[in-house]
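Peer 1: quick one: sequence and predicted model below, then my questions.
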Protein chains: 2
Amino acid sequence: MSSRKATSNDVAAAAGVSRSAVSFAFNNPQRISVATRERILAAAERLGYTPDPLGRMLRAGTTNSIGVLLPQRLAWILENPYYSRFLMGAGQVCDQEGYTLLLTPPLQDSVLKAIPYAAVDGFVVCGLEADRGEVAELSRRGIPFVLIDSDRVPGAPSVEVDDRGGAHEVTRYLLDLGHRRLAVLSMDPGAAVTERGYRGPLARRMAGIADALAECDLTMADVQLTEVPVTRAEGYRATRDLMAGGRAPTAILALSDILAYGAVDALQELAIKVPSEVSVTGFDDLSESAWFRPRLTTVRQPIVTKGRMAAEFLISAIRGEEQHPHQVLGTSLIVRESTTKPA
Amino acid sequence: MSSRKATSNDVAAAAGVSRSAVSFAFNNPQRISVATRERILAAAERLGYTPDPLGRMLRAGTTNSIGVLLPQRLAWILENPYYSRFLMGAGQVCDQEGYTLLLTPPLQDSVLKAIPYAAVDGFVVCGLEADRGEVAELSRRGIPFVLIDSDRVPGAPSVEVDDRGGAHEVTRYLLDLGHRRLAVLSMDPGAAVTERGYRGPLARRMAGIADALAECDLTMADVQLTEVPVTRAEGYRATRDLMAGGRAPTAILALSDILAYGAVDALQELAIKVPSEVSVTGFDDLSESAWFRPRLTTVRQPIVTKGRMAAEFLISAIRGEEQHPHQVLGTSLIVRESTTKPA
DNA sequence: CTGAAAGCGCTTACAG
DNA sequence: CTGAAAGCGCTTACAG
């Protein structure tokens, strides 16, 4: 038993047949006689032969794998329940269609650089807020891709959510309840983005908030905006700071359920009653939000559906079927127990 | 612009050089003159050429990707926070070492079948409770692998947690508090496993519980065992049933935090106070458990570390460095607010 | 029923 | 500094 991996050549030699026969034994049994086949299989077993997937893929021109091109390192992505949900949706389709899922984080901090190294039949591209050549690189590679959580790029298929409408609806709801001292707890857009304003879903949510404020003759200057990384601990910390400040809000509008959980944690610790003293809203409607106490009022976005559709569109593009240029999914306001009129 | 993807051949022809030169232009610039290089790059740009990753990988004999061989469909795996944590640990290492992560679910319901189709340099194998030839197939493929959450297989490297010790400790803790009417809320081991008793981590946890019971002259027959799929809703449902039964427990020992959350949900809905009327314990110590109300008493297992170690061991094996045959990580009982003496 | 050949796309010794 | 050749491992028309 040599240490080198056995190839179809070795098996062919051992069984006294050609490489074609070996391949047929594995992939096309009816093309060779039973006797030959058994001889080949026995030799393969003895040598510990297994067809090399890379050779197969190169030959077939297909990997049966779809890539998820991620905007951040894996450790951060997988910490975020939003991405778990999204990947679950994409995973459903992979399960169904027999694809594996390649998680592709930036290479040397560059999404662009990761593109040419992934052995996949297509990409779902996540959170590409500012296109820094990624779309061009993707087209150059000549494999299909679908954008999600991005700004719209002409000619690039995408699956989006009506973030603007969702943010408008929840803001309007709080305003209609009578709240005027609003705090917005937003996700940190990251250093790169600030120079030219918001991008992607966050920009749309901000616009939605502004829309609603304008309807009540208010502007963004009338709300307290805090931007933090999306973790429960950061939501907690930010809320403690907020409540310690001069003009405490009567409602906290979080742009993520995770941040809303942290906000409630902080308020409870400060013995401030939710919702009677301060209302709190989230965004996403993660499954925990229905179990959370108080049950969280939030904007539901169909995260799993988004993942599912993105993967479905991608796979039909891979198969050369119909093209789906853009798809916008609706949101809905889920009113539960964490909101009420201001005291 | 033809629809066929450009290859290094096309670029070579367009630039009037050999394919070697094209390769050098991309991978080894100093081997050719600046002028030639620029001519080649210009041609590549014009033709939209990008080196094909599959050709490159086949040649190099390396994919820069590690596979995670999963025991269930992606949709189920990604629904389970346990796996998110585990993948986060593995992801940390991938980030650091520049690997991508290929999620490889069973193919046609067979873990075995998925093995030869994944273009990876090695596998982390999860939850292989009963070895049905997977280990042999893995060895045959001739790439390194590390087992997680498995029974020990001779010669197969693994990273484990001291499930038995953890289960012993929490059971003993409840017993020492004075609880004698215990209900154990366990994960459903799946149809295949029951015939020959428990396997893997679940078997070890059961053994740990039995150890502790024996120390108080009790046996498994003295506890109420319920087995359900690991979701909060199932934990909730099972607990409602439990409390409706004849001899309601004074303590519920859940073998997963998720199930413990569901148990508390049910108790709260039944207006049964936790912990004063019924104590509840979990297993895992997910990050939410510290935020949960009442803060959950649970067995902490180092899930992220497990993922990290598995990936580290795998990568050093891929690099032909030292071998790490078996590693057992400790657990610890985290006592919080969900447990107290029986009423 | 079986084999020799071509080719998927790439890179790296080897000559010149 | 540059090119022709070999080869990574596979499969599938094409002959026989």
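Peer 2: Here it is on my side, so go on.

Peer 1: contacts only, for the residue nearest to residue A:147 when sequence neighbours are not counted.
Peer 2: Distances taken as Cβ to Cβ, 6 or more residues apart in numbering or on different chains place residue A:158 nearest to residue A:147, at 4.0 Å, with adjacent residues excluded. The way it works is simple: take the backbone N, C-alpha and C, and place the C-beta from them, glycine included. By Cβ atoms under 8 Å, 6 or more residues apart in numbering or on different chains, the contact list for residue A:158 reads A:146, A:147, A:148, A:150, A:152, A:325, A:326, A:327.

Peer 1: filter those down to the ones close to DNA strand C.
Peer 2: By Cβ under 7 Å from any atom of the strand, no member of the contacts of residue A:158 lies near DNA strand C.

Peer 1: pick the one among those closest to chain B.
Peer 2: Checking the contacts of residue A:158 against chain B by Cβ to the nearest Cβ gives residue A:148 as the nearest, at 16.1 Å.

Peer 1: who's in contact with that closest one?
Peer 2: Contacts of residue A:148 by Cβ under 8 Å, 6+ apart are A:86, A:124, A:125, A:126, A:127, A:158, A:159, A:160, A:306, A:307, A:310.

Peer 1: may I have the beta-bridge partners of the second one?
Peer 2: Same thing as residue A:124. Going by DSSP bridges, residue A:124 is paired in beta bridges with residue A:68, residue A:146.

Peer 1: from residue B:250, how far off is it?
Peer 2: Per Cβ to Cβ, to the nearest Å, residue A:124 is found 49 Å from residue B:250.

Peer 1: between those two, which one's more packed in?
Peer 2: Neighbours were counted for residue A:124 and for residue B:250 using other Cβ atoms under 10 Å in any protein chain shown; residue A:124 has more, 29 against 19.

Peer 1: filter the contacts of residue A:158 to the buried ones?
Peer 2: Those of the contacts of residue A:158 that meet the buried threshold are A:146, A:147, A:148, A:150, A:327, by 16 or more other Cβ atoms under 10 Å in any protein chain shown.

Peer 1: farthest-apart pair in those residues, please.
Peer 2: Put simply, by Cβ to Cβ the two of the buried ones among the contacts of residue A:158 set farthest apart are A:150 and A:327, 12.5 Å from each other.

Peer 1: need the overlap of contacts for those two.
Peer 2: Contacts common to residue A:150 and residue A:327, judged by Cβ under 8 Å, 6+ apart, are A:158, A:160.

Peer 1: which of the three states applies to residue A:167?
Peer 2: Following DSSP: H, G, I helix; E, B strand; the rest coil, residue A:167 is assigned to helix.

Peer 1: hmm, back to that, which of the contacts of residue A:148 lies closest to DNA strand C?
Peer 2: Nearest to DNA strand C among the contacts of residue A:148, counting by Cβ to the nearest atom of the strand, is residue A:125 at 21.5 Å.

Peer 1: ok, the closest one touching residue A:144?
Peer 2: No: the criterion here is Cβ atoms under 8 Å, and residue A:125 misses it with residue A:144 at 10.8 Å.

Peer 1: quick one: the strands in the stretch 51-200 of chain A?
Peer 2: A:65-69, A:100-104, A:123-126, A:145-148, A:158-161, A:182-187 (DSSP state E, counting those that start in this stretch).

Peer 1: let's have those in CSV, adding mean pLDDT and distance to residue B:166.
Peer 2: Below are the strands of the stretch 51-200 of chain A laid out as CSV (pLDDT from 0 to 100; distance: least, Cβ to Cβ, whole Å):
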stretch, mean pLDDT, distance to residue B:166
strand A:65-69, 97, 34
strand A:100-104, 98, 30
strand A:123-126, 97, 36
strand A:145-148, 96, 39
strand A:158-161, 96, 41
strand A:182-187, 96, 36
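
Peer 1: compare these and give me the one nearest residue A:232.
Peer 2: Nearest to residue A:232, of the strands of the stretch 51-200 of chain A and by Cβ to Cβ, is strand A:182-187 at 11.6 Å.

Peer 1: name the strands paired with the closest one and say parallel or antiparallel.
Peer 2: Next to strand A:182-187 in the sheet, as set by DSSP bridges, lie strand A:224-228 (parallel), strand A:251-254 (parallel).

Peer 1: if we can go back for a sec, pick the one among the contacts of residue A:148 closest to residue B:16.
Peer 2: Relative to residue B:16, the closest of the contacts of residue A:148 is residue A:125; by Cβ to Cβ it sits at 35.6 Å.

Peer 1: what's near enough to touch that closest one?
Peer 2: When the contact criterion is Cβ under 8 Å, 6+ apart, the partners of residue A:125 are A:69, A:134, A:138, A:145, A:146, A:147, A:148, A:150.

Peer 1: okay, residue A:3: pLDDT?
Peer 2: We have a pLDDT of 57 for residue A:3.

Peer 1: how near is whichever residue of the stretch 1-150 of chain A sits closest to DNA strand D to residue A:226?
Peer 2: The stretch 1-150 of chain A approaches DNA strand D most closely through residue A:55 (2.6 Å), counting by Cβ to the nearest atom of the strand. From residue A:55 across to residue A:226, the span is 54 Å (Cβ to Cβ).

Peer 1: which of these two has more neighbours?
Peer 2: residue A:226 (21 against 13).

Peer 1: which parts of the helix or strand harbouring residue A:242 are buried?
Peer 2: Assigned by DSSP states H and E, residue A:242 belongs to helix A:232-244. By neighbour count on 16+ other Cβ under 10 Å, the buried set for helix A:232-244 is A:232, A:234, A:235, A:236, A:237, A:238, A:239, A:240, A:242, A:243.
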